[in-house]
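**Student:** below: sequence and its predicted model.
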Amino acid sequence: MAGLRERKRAELSSRIEHTAIDLFERDGYSAVSVRDVAAAAQISERTVFRYYPTKPDLVFAVEARWMAMYKSEADRLATEGLTVTELLARISEAISAFIENDPTPVLRAFAIAQGVPELQAKQASNQATWDELVADSLDQYFTTRREALVVASAVMGMISHSVQTWAQSGGTASLGTTIADGFDILATVFTK
């Protein structure tokens, strides 16, 4: 029965997210309230908040799924004895393949976030969360947390820039190639 419950939960979450994104695109992020999303999805406002605690969470729900995917992949790969570069490259490949498989949610979220300070603040907050998440998987390679955070911040800055570049291209560039090129640039810089 848990499978059915989880499936229904995922369906409702997807309906809320798609309804919100459609409304934000049509009417503008600032003009749409959580109440509007709830009404359009034919559910209560309370239900929307149960799934998405804040309005910006509706826009960046896809990023929360990437974080869960990253954590799962990092945990799986932690036992394989990879170098730092191999670990980060393998995880990045998995995430970029996930994004490129269905680029629409990412492209829509980036388009909605343009010029909206509340959403740009959420992006900055997500970036800090990513830095911590990546540092968690790098701790085993470094003697201090600071070292892991510095490397994680550099890598996530590069990945963030790569995703933005990809999104600005309308998803026409290869995200995997853009990120791989970014790793090559970092490797060149750090060996100088």
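**Tutor:** Looks like it came in fine. The shown structure was predicted, so the numbers you read here are calculated from the model rather than taken from an experiment. Residues are numbered from 1 along each chain as shown.

**Student:** relative to T172, how far out is A64?
**Tutor:** Distance, A64 to T172, using C-beta to C-beta, to the nearest Å: 26 Å. Where C-beta positions appear, they are placed from N, C-alpha and C, glycine not excepted.

**Student:** have a look at these two and say which one is more surrounded.
**Tutor:** Neighbours per residue (other C-beta atoms under 10 Å) separate A64 from T172, with A64 holding more: 13 against 8.

**Student:** burial count for the closest residue to the more buried one other than its chain neighbours?
**Tutor:** Using C-beta to C-beta, 6 or more residues apart in numbering and skipping residues adjacent in sequence, the residue nearest A64 is D57, 7.4 Å away. D57 is flanked by 17 other residues according to other C-beta under 10 Å.

**Student:** who are the neighbours in contact with the residue nearest in space to the middle of the chain?
**Tutor:** Central residue of the chain (C-alpha atoms, centre = their mean): E63, 2.5 Å from the mean position. E63 is in contact with 109, 126, counting by C-beta atoms under 8 Å, 6 or more residues apart in numbering.

**Student:** now swap in the one 4 residues further on and tell me
**Tutor:** When the contact criterion is C-beta under 8 Å, 6+ apart, the partners of M67 are 129-130, 133.

**Student:** now it: how far from L82?
**Tutor:** 20 Å.

**Student:** and S13, what helix or strand is that in?
**Tutor:** Using DSSP states H and E, the secondary-structure element containing S13 is helix 2-27.

**Student:** buried set for the helix or strand that contains I179?
**Tutor:** Assigned by DSSP H and E, I179 belongs to helix 175-190. Residues of helix 175-190 classed as buried: 175-176, 178-180, 182-183, 186 (neighbour count, 16 or more other C-beta atoms under 10 Å).
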